[in-house]
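Trainee: show me the folded form of this:
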Amino acid sequence: MEGDAQSLGLRAPQISPLQTFSYGVYVEAIVYSTPVETVNDLTERIFAAFDTIREKRGIFQRIRQNMVRRCTLCNEVGGRHFQYLL
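Mentor: Numbering: from 1, shown residues only. Alright, predicted model coming up:
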């Protein structure tokens, strides 16, 4: 079905790279580092994960710098593959 959350995935234009990182990768790694036993356990882990993100503000600076670097490289090679330049 076109337009549902599953088909859009992380390619949805309204999801920024920072949101993709914080919601998709970092939070998931923290929340599911060990098996979740209860809904309360899950809730506490989610709150703890976002507390960790708030405490480590420098992480977002590095993400922004990386994104600018990738965009610059993409422009320099005219939109072609650039991963080998990273």
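
Trainee: tell me what the helix ranked longest in the chain is packed against?
Mentor: Using DSSP state H to define each element, the chain has its longest helix at helix 58-76. Taking 3 or more Cβ pairs under 8 Å, 6 or more residues apart in numbering; DSSP states H and E as contact, the helices and strands that helix 58-76 lies on are helix 17-19. Using the backbone N, CA and C atoms, a C-beta is placed for each residue, glycine as well.

Trainee: pLDDT of the helix it packs on, averaged?
Mentor: Helix 17-19 carries an average pLDDT of 65.

Trainee: how about stretch 43-62?
Mentor: pLDDT averaged over stretch 43-62 equals 83, rounded to a whole number.

Trainee: in the longest helix of the chain, what counts as buried?
Mentor: Across helix 58-76, burial judged by 16 or more other Cβ atoms under 10 Å covers Ile63.

Trainee: quick one: distance of it to the chain centre.
Mentor: Between the centre of helix 58-76 and the centre of its host chain there is 14 Å, according to Cα atoms, centre = their mean, to the nearest Å.

Trainee: again, but for stretch 79-86
Mentor: Once both centres are worked out by Cα atoms, centre = their mean, stretch 79-86 turns out to sit 20 Å from its chain's centre.

Trainee: likewise stretch 62-79?
Mentor: For stretch 62-79, the distance between its averaged C-alpha position and the chain's averaged C-alpha position is 16 Å (Cα atoms, centre = their mean).

Trainee: let's number from 181 now, not from 1
Mentor: Right, with 181 as the first residue, what we last looked at is stretch 242-259.

Trainee: got the CA coordinates for it in CSV?
Mentor: The C-alpha trace of stretch 242-259 is given here as CSV (Å, rounded to 0.1, in the frame of the first residue of the first chain):
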residue,chain,number,x,y,z
ARG,A,242,29.3,15.2,14.7
ILE,A,243,26.2,14.1,12.8
ARG,A,244,25.8,17.5,11.3
GLN,A,245,29.4,17.7,10.3
ASN,A,246,29.2,14.3,8.7
MET,A,247,26.1,15.2,6.8
VAL,A,248,27.7,18.4,5.5
ARG,A,249,30.7,16.4,4.4
ARG,A,250,28.6,13.9,2.6
CYS,A,251,26.5,16.6,0.8
THR,A,252,29.7,18.4,-0.2
LEU,A,253,31.2,15.2,-1.7
CYS,A,254,27.9,14.4,-3.4
ASN,A,255,27.9,17.8,-5.1
GLU,A,256,31.6,17.5,-6.0
VAL,A,257,31.0,14.2,-7.9
GLY,A,258,27.8,15.5,-9.5
GLY,A,259,25.5,13.1,-7.6
